Every structure is written in C-alpha cells, then in structure tokens.
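>>> Sequence and predicted structure are below.
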Amino acid sequence: MTEIVDRPAGATSTKTAPTRAASPKAAASKTAAAQAAASAAPAPVVDVEALGELLLGKWADTRRTARALAARPELHKTEGLTHTEHRQRVFGQLKILVENGAVHRAFPASVGGADEHGGNVAGFQELVIADPSLQIKAGVQWGLFGSAVNHLGTAEHHAKWLPGIMNLDIPGCFAMTETGHGSDVASIATTATYDPATEEFVVHTPFRAAWKDYIGNAAVDGLAAVVFAQLVTGGVNHGVHAFYMDLRDPETKAFLPGIGGEDDGVKGGLNGIDNGRLHFTHVRIPRTHLLNRYGNVDADGSYSSPIASPGRRFFTMLGTLVQGRVSLDGAAVTASKLALKTAIQYATERRQFNASSQTDEEVLLDYQRHQRRLFTRLARTYAAGFASEQLLEKFDDVFSGRADTDEDRQDLETLAAALKPLSTWHALDTLQECREACGGAGFLIENRFASLRADLDVYATFEGDNTVLLQLVAKRLLADYAKEFRNVNFGVLTRYVVGQATGAAIHRTGLRGVAQFMADTGSAQKAAIAIKDEASQRALLTDRVQTMVADVGSALKGANKLPQQQGAALFNSHQNELIEAAQAHAELLQWEAFTEALGKVTDPGTRKVLTWLRDLFGLSLIEENLSWYLMNGRLSMQRARTLGDYINRLLVKIRPHALDLVDAFGFGPEHLRAEIATGAERDRQDEARGYFRAQRASGDAPVDEKILLARKSHGSHGSKARGA
C-alpha cells in the first residue's frame, strides 16, 4: 500500500510500506496472490522534468525567456500604490519590455519584427506572473493598437507608424468599445464621413452613448488611437472600419482640437492601466489614415473592397484581432497554475485538528474535502492548459499563413470563443477557492490570491463578454448541425428521425438504465469500471453536446422563415439551452485536448498519474451535470451512485503526487512571491511539534482536564465493581 507522506517541494512524493503477510488460506488462492502482488507493486512516480516540458509546449524556450523576465523585481506589482503611482510604474515597465525585445516578435520583419505570432502570444501570457496590469497595458499597446495597424493596415502604414509603436514613441489606444455598445461592435455609433473636397474623413461621436469607453491608455498616456467607426461615403454606410488618429500633442500631452476625454478613475483591478473615455467633435483626418487592407476609399469618394459581402468583410476585419482572446485564455491558465501551486504547497504543510492522532494534527491536504476543492480544479487547469496550447498552435498556423483559409479562420475564432470563457471563469473560481482553502493567510495581499483575483475579474468581460462569446459558439454549432441535413434526401432524413426517436425511447423510458444495470449486475465495482473507461467518458460527454444541439436545432427549425420579431423571440426562448450546449462543447474540447496530450507521455508512471487526473476532470464534468444524464436516461442510478465514490478514490490516488503535479508548472519563489509558499509554514509547524514533543518527554506537561475526568470516572466505576 502507499503511505502518504508530507514532504517539501522536490522531494520524493511516495514511499512503499511493507505488505501485510497473507494468511495460509489466502496464500493458496490465485486471486489473493494476484491482489497481493498488485499491492506490492511500486507506486507510479511522476517525471516532473519531462512533464514540465510537456506543459511548456511548442514555445518552451520563449516561455522560459518570458518567465525569466517576469521574475525581475523591477517588473513586479508593488501593492499599496495609488492608482496614479501604479500607472506611472507600469508605463516605465513597458520600456523595460522594449529594451529586452519582448514585444517585437509578431511584427513584420520589414520593421524589425520576427513574424513570430505564436511565440509572441506565448511570451505575453507569462507576463501575468509579474503584474496583470503590465500584461494588459502591454496588450493594449502592442497586441491591440499595434496589432490593428499591423493587420488592418498596409505596408505604407507599417513603415509610417509601427517603428514608433514598437519602441513606445507612440503610446496608443484601441478605441472600439463605446458606452452604448460593447459586445455589439457592428452597432457602434461613431461615424467617419468622407469629404471628397478636402480628401479627409470627419470623425464624430453624435451623442454621449457613442463615446469610446474603458479604453486603455486613453486617460493619460495615449498619443494616438486606432478608432473604429462607421465609414460613410457618398451617402452610403459601408460598416465598421478602423482609422488611425492622433490624439494628443506629444510635447504638452493636451488633446488636439475636437478631441476630448475623461479618466475612468479607480477600478476593481488593473489600476496600473489608465483607462478612459474619448469623444470626437467633427475631427478631420487624412484619407490615408483609413487602415485600408479590407476596404478603401479613393480620392473621389468611391469605395472598394476585396471582400464583396459587408457581413463577411466585418467579421474578417474583427477576426484579425482574435489574438486578444487567445492571449487571455493562456494568461488565465497561468494564473490558475500560480494559485494552485501556492495553495497545494501550503496545504501539505499547514496542520489543523488531531482527528487521527493524540499528538499530531492533520495536514490539510489529507482531508478529503480539501482534496476535492483543489484536485478537481487542478485537473481542470491541466485540461485548460492543454486546450490552450492547441488554440495557440491553431492561431500560429493561421497568422503564419500555413493554414489560412476562410474555414481555418472560422475554426480559430470559434475555438477562441469557446475556450476563453471557460479558462477565465475557471481562473476566477480557482483563485477564490484557493484563497478560501488557505484561510486567513489566503486573504493577505502578500499571498496574491486577492490581488490576482481583482485584476483578473475583468477578463470575463473584455476581449468579448464570456456569455456573448459562448452564444457565438452555439450559433456555429447550430450552423454545422443545419448544414448536415441541408441537402439530404427524404429517406435519409426519415431514417435519422426514426433513429432519434428510437434513441429517445431507450433513454427516456429507462431502458438504457436497465441495460446498464444488467451489464453491471448490480455491482458497484463493475459500474465504476464502466464510467472510468476513456471511451465511456468520451461517449457521455459527446452525447450530451450532440443531444443538446440537436434539441435546440429542432426547436429552432424554420425560425429564419418567421417574421423578424417572432424569429428573435423564438431564438431568445432557447438562449439558455444554446449557451449551455456551447459550454458543454468547450468542456469536451478540453477533455479531448487532455486525452490527446496523454498520448505524448512516454513515462509509464507519469502517464498513469495524468490518466487519473484526466479521469477526475471528465468524471467531475459528468457529476456536475448528473441531473441531465439522469433525466435524459444516459446513466443508470447504479452508475450515478458509483460516480462520487470513484471520484473520491481518484483523490486518494492523486494525493501522493499533488506536489509533483504543481511543481511541473515550473514556478520558482520569484514567480509565486507568496509568503505561504516559501516553507515558512512547515518551519512553524515543525517548531510547534518539536516544542510539544519535548514538553511531553520532560514530564512537565500539564495534564489535560479531560484526562483527569476520565481517570476519575474509571476509578469510580472500579470502586463500584469491587463493592459489588
């Protein structure tokens, strides 16, 4: 059997205890002998170094370089600064990034970049270790403002502005969101109307709700902006386009004529970024300031575009900016890893209550509930990390041109819209749970949970509101579902409907549950084997997605033929189911990414432990949605009852390897910067145990009142017995 031991980071995680001798009768049994041999087998050991390399992924060297930079004290967040002081510090830190070539990877080689898109995002994701404000401020400058000029502009624009953007001579803004329109970019109200007489665009915010809002760099630092506005020429609105606009005088930092703004002030987090509002009153800019890769206006006002469809043109332009979602997805995973490394390290050292010993208190991580709250989130973090790496590779394939068809771009956008919500919500949940799992110590700013959670809070709503993004995913799933049956003949469709009806009859009459019970013959062990099987997990997770999409697809059939108001009402009445289906789809993608990663693991011990972790993730998803599986007849009551017990057994198996699994993240003290992850708690506990041990050995320890009362009670019972 395996004995769970408390250990410092890097030490051996398990030791094998002697196997109890079998009785003569048991020794004669082949089954008992096999069980004894199995129990005597060495416990699996995780190859932490190899696992760490797997987690670093394709751009391992870039990540290591970025982590080394993020470890430098001059880039770290200083707690307790005013928001003004924090802003000044972060702006200075941007210059350090420039000096170290940390921001130039994705820009064209023609202006000193490296055309390295995936590596650029991989390095950016690690900056959250230093200070989320620094990461997002850098993202505004180079990932949004600079990226918009890069991807929406032409070579002339690149030569004119990118060098200054890259070296920070031109701090800039990405002015898309408006007070009245956030997620609905197509409906923004700022206009850019072309005047052929002067060959200028006139940019105007016609009312207060059209002000650009929550814009990074707008309050103080921004000298220029990429402004998104409705392009109007010759009385025709050609939809949202991007324009380069100077905002402030470089010397005085005063707004230029016709431009105004406000400071958003103190926020719930990310106060190192000077978010603000911008408004424009008939501001004239040259015609050549239109970033015209996808739409151009000639001197006479005539409009042309390589993409004829206005809708497709709009989504193509926005699609070039998908790297923000890709970046946040990976950054959220990094934050989850930081939190779990700190919380699990602390839980192996902190002791509380002496339930199983008269002298020693229990290590927190030996409590089942503590394992449940941390290990399930550890499993999801691994899954999110592997899925994030796949997203990053897809992003790099598209932006490098290796795989850049319309379908590839749609797949990338859908994948980013699916994974970014899950990873950012998970990061917030993990930071909160780790904070609580560390008690009062977790609430101290020095241990970073509260600070990181405050800074990451907005991740759920910027670069695309999570709920809106999942709705986009759901629409793609519905479109794919409809495409499957668009051109099928009547006979094929009939067979499909009959198959669906038969399936529904089996599921909803309980026949499937009966079949599962018969297969398991009422045995909890057989039920556990059935649900832990990889193929069974895949079938259950996939079936849920397919069924949910098919149900909503059937309900919405013909909605596009209804009058607009009725069609919208019908869609709205199924919106919740749509979003739940999209989330289930994204969770399936994460499970598949984890499973695919297992195939890359060659070390048997590491593969076994990771398989347990993958199973914990998959079965936790099924447990979270157990009501659906029961109501839809996908699981028998026997298998449903077995689910929780098997998850608990997985926790016990994973426990000896918990530190190895978080050590593989590769974070040092300079990355964690959490007092409770330094070993100080272990030293305190060892000091306390040593004190009480010496006190007991000296014979001077005071007698516990409970012991005295027990002795008196025992003596009283003995006297009565002698008297009798």
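Okay, I see it. Numbering: from 1, shown residues only.
>>> Tell me, how many residues neighbour Asp704?
Using other CB atoms under 10 Å, Asp704 has 10 other residues around it. C-beta: built from backbone N, CA, C; applies to glycine.
>>> now swap in Ala209 and tell me
Neighbourhood size, Ala209 [other CB under 10 Å]: 13.
>>> Tell me, how many residues neighbour Pro257?
10.
>>> ugh, wrong one, I meant Thr198
11.
>>> Identify the residue nearest it in space, chain neighbours excluded?
Excluding its sequence neighbours, the residue lying closest to Thr198 (CB to CB, 6 or more residues apart in numbering) is Arg284, at 7.1 Å.
>>> ok, now His117?
Sequence neighbours aside, Phe399 is the residue nearest to His117 in space, at 4.0 Å (criterion: CB to CB, 6+ apart).
>>> That neighbour: what secondary structure?
What DSSP: H, G, I helix; E, B strand; the rest coil gives for Phe399 is helix.
>>> The one 4 residues further on too?
Secondary structure state of Ala403, per three-state DSSP, is coil.
>>> Can you give me every residue that contacts the closest residue to it other than its chain neighbours?
Closest residue to Ala403 apart from its sequence neighbours, by CB to CB, 6+ apart: Asp397 at 4.1 Å. Asp397 makes contacts with Ala403, Asp404, Asp408, as judged by CB atoms under 8 Å, 6 or more residues apart in numbering.
>>> and of those, the nearest to Ala71?
Looking at the contacts of Asp397 and their distance to Ala71, the nearest is Ala403, at 34.6 Å (CB to CB).
>>> tally of neighbours for the closest one?
So Ala403, with other CB under 10 Å, has 15 neighbours.
>>> I'd like to know how far it sits from Gln323.
According to CB to CB, to the nearest Å, Ala403 stands 16 Å off from Gln323.
>>> Please apply the same query to Ala441.
Here Ala441 is placed at a distance of 37 Å from Gln323 (CB to CB).
>>> Of these two, which one has the most company?
More crowded of Ala441 and Gln323, by other CB under 10 Å: Gln323, with 25 against 16.
>>> got a list of what that one touches?
Neighbouring residues of Gln323 by CB under 8 Å, 6+ apart: Ala106, His117, Val121, Gly143, Ser147, Phe395, Phe399.
>>> Quickly name whichever of the residues you listed is closest to Leu635.
Phe395 (36.7 Å).
>>> Could I get the buried residue list for the one helix or strand Ala593 maps to?
Per DSSP states H and E: Ala593 is located in helix 575-598. Neighbour-count burial for helix 575-598, counted by 16 or more other CB atoms under 10 Å, picks out 577-595, 597-598.
>>> Tell me which stretches of the protein form strands.
2-4, 14-16, 172-175, 191-195, 200-204, 212-215, 224-233, 236-246, 259-263, 276-280, 283-286, 296-297, 303-304 (DSSP state E).
>>> picking that back up, with respect to Met548, which of the contacts of Gln323 is nearest?
For these, the nearest to Met548 is Phe395 (27.4 Å; CB to CB).
>>> wait, isn't the closest one in contact with Val326?
Yes - assessed by CB atoms under 8 Å, Phe395 is found in contact with Val326 at 4.9 Å.
>>> what's the average pLDDT for the helix holding Ala593?
Averaging pLDDT along helix 575-598 gives 95.
>>> Begin at 55 from now on, thanks
Understood, numbering begins at 55; the last thing we discussed is helix 629-652.
>>> what packs against that helix?
helix 422-454, helix 460-491, helix 520-538, helix 588-609, helix 658-678 (3 or more CB pairs under 8 Å, 6 or more residues apart in numbering; DSSP states H and E).
>>> if you set the cut-off to 6 Å instead, what comes out?
The contact analysis (3 or more CB pairs under 6 Å, 6 or more residues apart in numbering; DSSP states H and E) places helix 629-652 against helix 422-454, helix 520-538, helix 588-609, helix 658-678.
>>> In TSV: those helices, plus mean pLDDT and distance to Phe625.
Formatted as TSV, the helices and strands packed on helix 629-652 follow (pLDDT from 0 to 100; distance: least, CB to CB, whole Å):
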stretch	mean pLDDT	distance to Phe625
helix 422-454	96	28
helix 520-538	89	9
helix 588-609	91	10
helix 658-678	97	26
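>>> now for these, which one comes closest to Lys266?
The nearest among the helices and strands packed on helix 629-652, by CB to CB, is helix 520-538 at 19.1 Å.
>>> Residues contacting the closest one, please?
237, 468, 471-472, 475, 514, 603, 607, 632-633, 635-637 (CB atoms under 6 Å, 6 or more residues apart in numbering).
>>> next one: that helix to chain centre, how far?
Mean-position distance between helix 520-538 and its chain equals 20 Å (CA atoms, centre = their mean, to the nearest Å).
>>> Stretch 624-641 now?
Per CA atoms, centre = their mean, the displacement of stretch 624-641 from the mean C-alpha position of its chain is 19 Å.
>>> Just the pLDDT for the most centrally placed residue in the chain.
The chain has Ser477 as the residue nearest its centroid, 1.7 Å off, counting by CA atoms, centre = their mean. What the model reports for Ser477 is a pLDDT of 98.
>>> Which residue is the nearest non-sequential neighbour of it?
Spatially, and ignoring its direct neighbours in sequence, Ser477 is nearest to Ala386 (4.2 Å; CB to CB, 6+ apart).
>>> TSV for the strands of the chain, including distance to Leu697?
Converted to TSV, the strands of the chain look like this (distance: least, CB to CB, whole Å):
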stretch	distance to Leu697
strand 56-58	23
strand 68-70	26
strand 226-229	46
strand 245-249	57
strand 254-258	58
strand 266-269	43
strand 278-287	48
strand 290-300	48
strand 313-317	52
strand 330-334	51
strand 337-340	61
strand 350-351	59
strand 357-358	59
